[in-house]
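**Student:** Pasted the sequence and its predicted model underneath.
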Amino acid sequence: MFVVAHGCTPRGARLARRLVAHRMDAWGFPYGGEVGEKVTLVVAELAADAVRHGRVPGRDFRVRLLGEGAVVRVEVADARTERLPVLREPDGEGGRGLLLVAAVSERWGVEPRAGRAYKVVWAEVRVTGSGGPRGRRS
């Protein structure tokens, strides 16, 4: 498992993407490889959405990676529980992020955390090849 929290800013989203790319490389999914690139793309899009749509002043967003068998699960938590993501057709200004996430992941969803002050948007990316996070810590 890998967890990082960042300020809900564009800089925080960029840093999350970079740290996840580094972690995926450390887990055996090299920079530029298919799995590492897919997971990094998912984090980039979900972190950008957390900054753009989930920002609450003074609250961070959190990224968590989990190796679960044949998938890497990406979770991004933010503090705007009333704003749930919806897959929709893109408009001229944007709206492509979740379409990309849906295209590169096996499945994705959102889990509002009842009684807590955050929601989790998650996606699962299929692991191919022999590398992987199973059994690794750090």
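**Tutor:** Right, received. Where do you want to start? The structure presented is a predicted model; accordingly, all values stated were derived computationally and were not measured. Residues are numbered from 1 along each chain as shown.
**Student:** From E111, how far off is the residue lying closest to R59 once chain neighbours are set aside?
**Tutor:** The shortest distance from R59 to any non-neighbouring residue, by Cβ to Cβ, 6 or more residues apart in numbering, is to A79 (4.1 Å). All C-beta spots, glycine's among them, are computed from the backbone N, C-alpha and C. According to Cβ to Cβ, to the nearest Å, A79 and E111 sit 14 Å apart.
**Student:** out of those two, which sits in the busier spot?
**Tutor:** When A79 and E111 are compared for neighbours, A79 comes out ahead with 20 against 13, by other Cβ atoms under 10 Å.
**Student:** what's the pLDDT at the more buried one?
**Tutor:** At A79, the model reports a pLDDT of 88.
**Student:** Same check on E89?
**Tutor:** 77.
**Student:** burial count for it?
**Tutor:** Neighbours of E89 (other Cβ under 10 Å): 7.
**Student:** so which helix or strand takes in the residue minimising distance to the centre of the chain?
**Tutor:** Nearest residue to the geometric centre of the chain (Cα atoms, centre = their mean): V43, 3.3 Å. Using DSSP states H and E, V43 falls within helix 34-53.
**Student:** and that helix, what does it pack onto?
**Tutor:** Contact here means 3 or more Cβ pairs under 8 Å, 6 or more residues apart in numbering; DSSP states H and E; on that basis helix 34-53 packs against helix 10-26, strand 60-68, strand 71-78, helix 97-104, strand 119-126.
**Student:** List of residues touching that helix?
**Tutor:** 6, 8-10, 12-13, 16-17, 20-21, 24-25, 29-30, 61, 63, 65, 72, 74, 76-78, 80, 83, 85, 97-98, 100-101, 104-105, 121, 123, 125-129, 131 (Cβ atoms under 8 Å, 6 or more residues apart in numbering).
**Student:** can you list the weak-confidence ranges in this protein?
**Tutor:** In the predicted model of the chain, residues 92-95, 114-115, 129-138 satisfy pLDDT under 70.
**Student:** Not including adjacent chain positions, what is the nearest residue to L98?
**Tutor:** L87 (4.9 Å).
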